[in-house]
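> no sequence for this one, just the structure:
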């Protein structure tokens with residue numbers, strides 16, 4: 001094979017090789033219609049007795065906070081996520097549960113972006129710190 005034919009063969013083989021490479025699927029970044037259980041709030045594990053949830057539907061995030069039921073508007077643009085001020089029922093619970101609820105609502109207000117990693121949803125503040133960890 002001559003020099004020019006050899007070069008063409010190499011370029012052809014590289015093109016075949018690159019075409020055969022699969023690009024991994026990008027995770028679906030659409031939160032709409034998804035439901036999650038909160039497992040950590042500000043780095044602290046949620047007590048197993050508590051059912052803390054987040055459901056994303058029609059531009060609203062809602063669910064159970066540590067004590068009350070909540071609902072808030074949200075906007076999403078790719079991995080950016082802004083959660084509005086939640087509306088909540090006003091049930092009073094034990095002090096430690098109310099502290100967890102306060103941490104939860106604070107965490108919601110800090111969210112600026114997110115990542116889906118398998119069955120986990122990580123919500124980050126603007127510094128990149130994970131403020132909420134949720135699971136499917």
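Cool, got the structure. No experiment lies behind these values; they were computed from the predicted model shown. Numbers count the residues shown, from 1 in each chain.
> Show me the shaky parts of the protein.
Residue ranges of the chain with pLDDT under 70: 1-27.
> quick one: the strands in it?
35-41, 44-45, 53-57, 60-64, 69-77, 80-83, 87-88, 113-117, 120-124, 130-135 (DSSP state E).
> Just the buried residues of stretch 75-84, please?
76, 81, 83 (16 or more other C-beta atoms under 10 Å). The C-beta positions use only the backbone N, C-alpha and C, and glycine is treated the same way.
> Tell me who's in contact with residue 89.
68, 69, 70 (C-beta atoms under 8 Å, 6 or more residues apart in numbering).
> Which residue lies closest in space to residue 124, excluding its sequence neighbours?
residue 113 (5.3 Å; C-beta to C-beta, 6 or more residues apart in numbering).
> From residue 94, how far off is the residue most central in space within the chain?
Residue closest to the average C-alpha location in the chain (C-alpha atoms, centre = their mean): residue 121, at 3.3 Å. Counting by C-beta to C-beta, to the nearest Å, the separation of residue 121 from residue 94 is 27 Å.
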